[in-house]
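**Student:** the sequence isn't on hand, but the structure is:
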């Protein structure tokens, strides 16, 4: 008998029929003798509908009130899910984030979980209930409703699993696991039966949409065993995210290829090369809450340096304006330019630690197809490159083949 | 400067445009220097939509989970209303029933308010906020979400006014006050500028839909000054429900005429006339949670008695089945019959206390039109009769005329 947290996303609760399906799966696990906590998102489309409603009243809605409105989405699904379980004869009880209580900070619309009071839920599980918890939401120390931001239901699932010391946190999605890359780009992509936590973290941060990065970080921090499964198939073991690296000769060097079309590149040319330049450029960007991903600085021969970084495409113009208004004159940069026709491709694998030449193999593969590399960033288990957006699919396909990731 | 609670029903918050209208009115009151608490219902239609959704999953939904689902209706409107106020530059803050905390018993879907914690709201009002509170909902001692049942938002408004010792509780509806009778039946019906609490209570219990009876009872118990106003007109003082009777010669004897088409009559014929018969008949009815309104017992000459009572039309068959299955044989009744083609008409007025002959004037008026009276029930300030349903409009019109209630 195990304690399992199952998290279901918006497509898994999109309508009453799917909620009934979900309930049937949960009932099967319950019948096996497991203790089950179900974490659900809002019905797909509902969160966007509620945001649109709020924006009809106030184009830039006050975040506290936006969270009051948006959090009703999951509140409806927890009730519906509990009813569907009861209809199958399974005792069930729903909890909103604030009923649990999932204590967060007060950063409305992007709150972070501080602690979870697991006491009542443990009691309910002992009493034979399936407990249904609203994902994506919590409550701050003053009783205000908060939401965790997009994808936050995954984080709720992992955090519940950590608080309850669950045996496994199962994330049900519309895919049946983690693939070597997106099968829509490379039809030969293969489902991984296992992947290490570090690799998953790199894949998520490099653009894989299967799991939300904050939930993976959370799982890593609290050593929660995660499993990604399909909510539309009853067979299959999905992909287990493990903490142990296997010392297996047959383990491939590269586990997966992630990519991301959402970034734009900003280049600050001809900056006098002196200490503090990076801070003078990126400080005002950070102050404006613009997230920066890759950062590269190259020193030229003439005593000036070129400084390049990437931001989300939606924030490129905001970042360019900040630099032109507040930074360019100040630091004496020659030119500031933006390019949103780029894409990032990353290869990820713990095998890199014990294999040399992975980077050069990647660069050679791209060069043979005439794909120019604009930026490079590496970690111990990842190599990411920025290339022209138009070569993205080609690059992913040839790398997938070069590193022999195809279906065996 | 006054402290005013304003309650807005579903039609007043039916869409963003109406919510903006509501916010403009609130902003005007605020600009006059008043402290304002706004209580809102769910957008009209929303509660029914949510109930239908729950019933798609479970035809007879578990009441705890139904309340979790249904209470999201008001949660959306409090957020929307607060946003609309902010958009006008008014500081505003929303509270769900559980955030307030409006403590209720645990009778899901028809909970009763036990107490209200007014502390935080008083602080917010002192700090210059308009406070927006979700009607219809509360929380029990264990933190479970409860709803007060249909019309419960009026009760929330009155209860908030009582807890805050507000100067006035304004109930905004789609009519501009309390009328001598329903203007759709009698076009000459006149809006009352004042009505006593007792009269309002009788009118509400006799079928007037303007105010929900529990909210009137609550207002009476806590001496809350109530005012009924139109949410679609900016002019007009509506109808004030007062606690003082005016000793005014010009005060009419009758204040209003209420009617109700929702009842059905059940007759138990030929019951042996012995003590305990009423309990033996009505006990099983009460045990089945069927509400009984009027009750009449007449003793005949042959040692048997006829026993008649009214229930809601929807429950007539349920009541008949109970009587035929469990009661008839037991008490030896000759026959049990039901009639749902009846209507109840009531005249109400504190003037009855000081005027004689009101009942006979009512009976004569009906007799002159050939309308037969099937049942009669009286209180100190009310006379109610049951007649054939087809004479309802006629009866209301001639009584309205006979008691000179027309527009002056």
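**Tutor:** Thanks, I have the structure now. As the structure is a prediction and not an experimental result, all values here were calculated from the model.
**Student:** hey, let's count contacts and neighbours off CA atoms from now on
**Tutor:** Noted.
**Student:** count of residues packed around the residue in the stretch 301-408 of chain A that chain B sits nearest to?
**Tutor:** Nearest residue of the stretch 301-408 of chain A to chain B (C-alpha to the nearest C-alpha) works out as residue A:318 at 24.6 Å. Burial of residue A:318 is recorded as 13 neighbouring residues (other C-alpha atoms under 10 Å in any protein chain shown).
**Student:** state the distance from it to residue A:312.
**Tutor:** Remark: distance between residue A:318 and residue A:312 (C-alpha to C-alpha, to the nearest Å) = 10 Å.
**Student:** equivalent analysis for residue A:235, please.
**Tutor:** Taking C-alpha to C-alpha, one finds residue A:235 at 37 Å from residue A:312.
**Student:** these two: which has the busier surroundings?
**Tutor:** residue A:312 (18 against 10).
**Student:** name the nearest residue to that one, ignoring sequence neighbours.
**Tutor:** residue A:263 (4.4 Å; C-alpha to C-alpha, 6 or more residues apart in numbering or on different chains).
**Student:** the one you found contacts residue A:343, correct?
**Tutor:** Yes - taking C-alpha atoms under 8 Å as the definition, residue A:263 is a contact partner of residue A:343 at 6.7 Å.
**Student:** now the strands for the stretch 201-350 of chain A?
**Tutor:** A:226-230, A:239-242, A:256-260, A:263-272, A:292-299, A:304-312, A:335-339, A:342-348 (DSSP state E, counting those that start in this stretch).
**Student:** given the shortest one, what are its sheet partners and their directions?
**Tutor:** Using DSSP bridges, the strands paired with strand A:239-242 in its sheet are strand A:194-196 (parallel), strand A:226-230 (antiparallel).
**Student:** got JSON lines for the ones you listed, with distance to residue B:180 and mean neighbour count too?
**Tutor:** What follows is those, written out as JSON lines (distance: least, C-alpha to C-alpha, whole Å; neighbours: other C-alpha atoms under 10 Å in any protein chain shown):
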{"stretch": "strand A:194-196", "distance to residue B:180": "76", "mean neighbour count": "20"}
{"stretch": "strand A:226-230", "distance to residue B:180": "64", "mean neighbour count": "24"}
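**Student:** least reliable of the strands of the stretch 201-350 of chain A by average pLDDT, please.
**Tutor:** Ranked by mean pLDDT, those end with strand A:292-299 at the bottom, a mean of 85.
**Student:** and the gap between the residue of chain A most remote from its centre and residue A:287?
**Tutor:** Distance from the C-alpha centroid of chain A, by C-alpha atoms, centre = their mean, peaks at residue A:302 (41.8 Å). Here residue A:302 is placed at a distance of 31 Å from residue A:287 (C-alpha to C-alpha).
**Student:** what does stretch A:38-45 contact?
**Tutor:** A:5-15, A:73-78, A:130-136, A:153, A:156-157 (C-alpha atoms under 8 Å, 6 or more residues apart in numbering or on different chains).
**Student:** quick one, which of the strands paired with strand A:239-242 gets closest to residue A:336.
**Tutor:** Evaluated over the strands paired with strand A:239-242, closeness to residue A:336 peaks at strand A:194-196, with 39.9 Å, by C-alpha to C-alpha.
**Student:** in chain A, what spans have low per-residue confidence?
**Tutor:** A:150-151, A:245-251, A:300-301, A:407-408 (pLDDT under 70).
**Student:** let's go with 80 and repeat that
**Tutor:** Filtered on pLDDT under 80, chain A yields the residue ranges A:149-151, A:205-210, A:212, A:234-235, A:244-252, A:275, A:298-302, A:354, A:407-408.
**Student:** what about residue A:353, how many residues nearby?
**Tutor:** 12.
**Student:** need the contact list for it.
**Tutor:** Here residue A:353 is in contact with A:380, A:381 (C-alpha under 8 Å, 6+ apart).
**Student:** what distance do you get for it to residue A:252?
**Tutor:** Residue A:353 is 12 Å from residue A:252, where distance means C-alpha to C-alpha.
**Student:** one more: residue A:1?
**Tutor:** From residue A:1 to residue A:252 the distance is 34 Å (C-alpha to C-alpha).
**Student:** more neighbours: which of these two?
**Tutor:** residue A:252 (15 against 10).
**Student:** so what's the more buried one closest to, chain neighbours aside?
**Tutor:** Residue A:252 sits nearest to residue A:351 (C-alpha to C-alpha, 6+ apart), 6.8 Å away.
**Student:** tell me the contacts of that neighbour?
**Tutor:** Under the contact definition (C-alpha under 8 Å, 6+ apart), the residues listed for residue A:351 are A:251, A:252, A:253, A:254, A:381.
**Student:** the helices in chain A, which residues?
**Tutor:** Using DSSP state H, the helices assigned to chain A run over residues A:16-31, A:46-57, A:63-70, A:72-87, A:97-100, A:119-126, A:152-163, A:197-205, A:213-221, A:277-287, A:316-322, A:328-331, A:358-368, A:392-402.
**Student:** what lies in contact with the first one?
**Tutor:** Which is helix A:16-31. With C-alpha under 8 Å, 6+ apart, helix A:16-31 has contacts from A:12-13, A:36, A:80-81, A:84-85, A:88, A:90, A:130, A:231, A:234, B:53, B:56-57.
**Student:** quick one: which of the residues you listed has the most company?
**Tutor:** Busiest of the contacts of helix A:16-31 [other C-alpha under 10 Å] is residue A:80, holding 32 neighbours.
**Student:** what's near enough to touch it?
**Tutor:** Contacts of residue A:80 (C-alpha under 8 Å, 6+ apart): A:16, A:19, B:53, B:54, B:57, B:65, B:69.
**Student:** output those residues in TSV; the columns should cover distance to residue A:199.
**Tutor:** As requested, the contacts of residue A:80 are exported to TSV (distance: C-alpha to C-alpha, whole Å):
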residue	distance to residue A:199
A:16	36
A:19	32
B:53	41
B:54	42
B:57	40
B:65	40
B:69	40
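**Student:** now rank the residues you listed by neighbours and give me the top one.
**Tutor:** Counting by other C-alpha under 10 Å, top hit in the contacts of residue A:80: residue B:65 with 28 neighbours.
**Student:** find the nearest non-adjacent residue to it, please.
**Tutor:** residue A:79 (4.8 Å).
**Student:** over to residue A:120?
**Tutor:** In space, residue A:120 is closest to residue A:100, 7.6 Å off (C-alpha to C-alpha, 6+ apart).
**Student:** OK, contacts around the closest residue to residue A:128 other than its chain neighbours?
**Tutor:** For residue A:128, ignoring the flanking residues on the chain, the nearest one in space by C-alpha to C-alpha, 6+ apart is residue A:91 at 7.0 Å. Contact analysis of residue A:91 by C-alpha under 8 Å, 6+ apart lists A:85, A:128, A:129, A:130.
**Student:** now the residues you listed as TSV including distance to residue A:271?
**Tutor:** Formatted as TSV, those follow (distance: C-alpha to C-alpha, whole Å):
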residue	distance to residue A:271
A:85	63
A:128	66
A:129	64
A:130	61
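**Student:** of these, which is the nearest to chain B?
**Tutor:** residue A:85 (9.4 Å).
**Student:** residue A:92 is in contact with the closest one, correct?
**Tutor:** Yes - using C-alpha under 8 Å, residue A:85 and residue A:92 qualify as a contacting pair, with a distance of 6.3 Å.
**Student:** show me which residues of the stretch 1-150 of chain A sit near chain B.
**Tutor:** Contact residues, the stretch 1-150 of chain A versus chain B (C-alpha under 8 Å from any C-alpha of the partner chain): A:16, A:20, A:53-54, A:56-58, A:61-62, A:65-66, A:68-70, A:72, A:75-77, A:79-80, A:82-84, A:87, A:93-94, A:99, A:143-144.
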